[in-house]
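>>> Generate coordinates for the sequence data below:
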Amino acid sequence: MLTLSAIYEAQKRLAPYVYRTPVIRIQALDEVLHCQVYVKAENMQRIHAFKIRGALNKALQLSPETLKNGIVTASSGNHGRGVAFAGKLLGVPVTVVMPEHAPEVKKAAIRDLGAEIVLCEKSQRFVIADRITKEKGACFIHPFDDYDVMAGQGTAGLEMMEQLPEVDKIVVPVGGGGLVSGIATAVKGIRDSVRVYGAEPALCDRYTESFKKKEPVLVPVGDTIADGTMTARPGDKNFPIVRDKVDRVIPVEERFIHQAVKLLLQEGKILAEPSSSMTLGAVLQGTLPVAEDEKVIFFLSGGNVDLSMIEKVCKE
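The predicted model follows:
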């Protein structure tokens with residue numbers, strides 16, 4: 001079970017290792033997004049992504065006996081980098097199973113931390129990671145379907161409530177659901193009136209479809225630019241938390257994700273991954289209601305971007 005107290009404990013545990021990233025006011029975007037725009041800049045975090053919070057919170061609680069044969073994980077990139085960071089910190093070997101088409105910048109960053117990478121077709125990540133975990137007798141750290149991981153991610157929610165206690169709405173990118181589960185639990189536990197929204201790619205709308213079926217379902221994973229959110233199915237532990245605590249999950253079309261990347265870079269002067277920029281895309285496409293007097297935090301989950309992709313988007 002995920003609790004507010006577990007998130008506070010995670011905050012204490014992580015304090016020596018993670019940055020308290022800023023909430024930045026970007027007035028230049030107010031006129032475009034029709035609200036008072038703030039961003040939680042996790043692109044400025046260690047490893048340039050929020051994933052270090054959950055991965056490290058989990059790893060720091062594991063015993064030497066559990067860790068003796070190393071750690072294995074499945075990741076589209078940033079979680080793998082977080083686990084690799086934890087492994088280096090603890091002196092433990094790490095294996096990361098990644099999609100073969102993951103951005104090179106993410107692969108290189110994981111290798112630089114000393115982890116082994118196993119590439120595969122994107123739908124096979126968890127199957128292969130499970131096999132390797134059993135072969136090595138290793139410990140598997142799930143990227144989202146784990147209460148300790150969620151608690152670590154939720155520490156960003158505590159920070160936002162401390163940094164902007166009068167916030168009206170928070171918009172969070174959604175993949176498997178670990179981040180939004182943690183943030184919603186933290187935020188609603190402090191002030192239930194704050195609205196927490198999720199944004200997911202329309203080409204991988206696993207929460208939208210799962211809510212229709214009232215249970216986690218597998219969806220086809222399209223070729224979305226938001227590569228950090230290409231998870232085909234909600235986590236079993238995440239689904240009920242998102243259902244009960246998140247006000248709405250909004251599928252965002254690709255063209256609005258592209259527009260958001262460009263808008264953040266050109267007008268906000270912030271380089272963020274498409275998976276992060278998608279939060280602004282939910283407002284740009286008109287499906288997330290905001291008002292001019294509302295303070296809205298857009299959660300920028302990471303900044304590990306392929307510059308060739310940014311160049312392509314900016315030329316559109």
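
>>> Okay, strands next: where are they in the stretch 151-300 of the chain?
Per DSSP state E, counting those that start in this stretch, the stretch 151-300 of the chain carries strands over the ranges 169-173, 195-201, 248-252, 295-300.

>>> can I get the ones you listed in a markdown table with distance to residue 273, mean neighbour count and mean pLDDT?
Backbone N, C-alpha and C define where each C-beta goes, glycine included. Converted to a markdown table, those look like this (distance: least, C-beta to C-beta, whole Å; neighbours: other C-beta atoms under 10 Å; pLDDT from 0 to 100):
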| stretch | distance to residue 273 | mean neighbour count | mean pLDDT |
| --- | --- | --- | --- |
| strand 169-173 | 9 | 27 | 99 |
| strand 195-201 | 12 | 27 | 98 |
| strand 248-252 | 14 | 23 | 98 |
| strand 295-300 | 8 | 26 | 99 |
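
>>> In JSON lines, list those strands along with distance to residue 269.
What follows is the strands of the stretch 151-300 of the chain, written out as JSON lines (distance: least, C-beta to C-beta, whole Å):
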{"stretch": "strand 169-173", "distance to residue 269": "20"}
{"stretch": "strand 195-201", "distance to residue 269": "22"}
{"stretch": "strand 248-252", "distance to residue 269": "22"}
{"stretch": "strand 295-300", "distance to residue 269": "13"}
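
>>> right, so of these, which gets closest to residue 105?
Closest approach to residue 105 among the strands of the stretch 151-300 of the chain is made by strand 295-300 (16.4 Å; C-beta to C-beta).

>>> What helices and strands are in contact with that closest one?
strand 36-41, helix 147-163, strand 169-173, helix 274-284 (3 or more C-beta pairs under 8 Å, 6 or more residues apart in numbering; DSSP states H and E).

>>> nearest to residue 66, of the ones you listed?
Between residue 66 and the helices and strands packed on strand 295-300, the shortest separation by C-beta to C-beta is 12.5 Å, and it involves helix 147-163.

>>> right, and the strands of the stretch 151-300 of the chain - which one's nearest residue 71?
Comparing the strands of the stretch 151-300 of the chain by C-beta to C-beta, strand 169-173 comes nearest, at 24.5 Å.

>>> quick check: angle from the closest one to helix 274-284?
Following axes from the mean of the first three to the mean of the last three C-alpha atoms, to 10 degrees, one obtains 140 degrees for the angle between strand 169-173 and helix 274-284.

>>> Strand 169-173 pairs with which strands, parallel or anti?
As defined by DSSP bridges, the strand partners of strand 169-173 come to strand 195-201 (parallel), strand 295-300 (parallel).

>>> angle of that strand against strand 248-252?
50 degrees.

>>> send the alpha carbons of strand 169-173 over as CSV?
Written as CSV, here are the backbone C-alpha positions of strand 169-173 (Å, rounded to 0.1, in the frame of the first residue of the first chain):
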residue,chain,number,x,y,z
LYS,A,169,-3.7,22.1,-10.8
ILE,A,170,-0.8,19.8,-11.5
VAL,A,171,-0.4,18.0,-14.8
VAL,A,172,1.8,14.9,-14.8
PRO,A,173,3.0,12.6,-17.7
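
>>> Residue 53 and residue 157 touch, don't they?
No. Taking contacts as C-beta atoms under 8 Å, residue 53 lies outside contact range of residue 157: 10.3 Å.

>>> Let me see the ranges of the helices in the stretch 1-150 of the chain.
Remark: helices assigned in the stretch 1-150 of the chain by DSSP state H, counting those that start in this stretch are 4-14, 30-33, 51-59, 64-67, 78-90, 104-112, 125-136, 147-163.

>>> Burial-wise, tell me which of the ones you listed comes out on top.
helix 51-59 (a mean of 29; mean count of other C-beta atoms under 10 Å).
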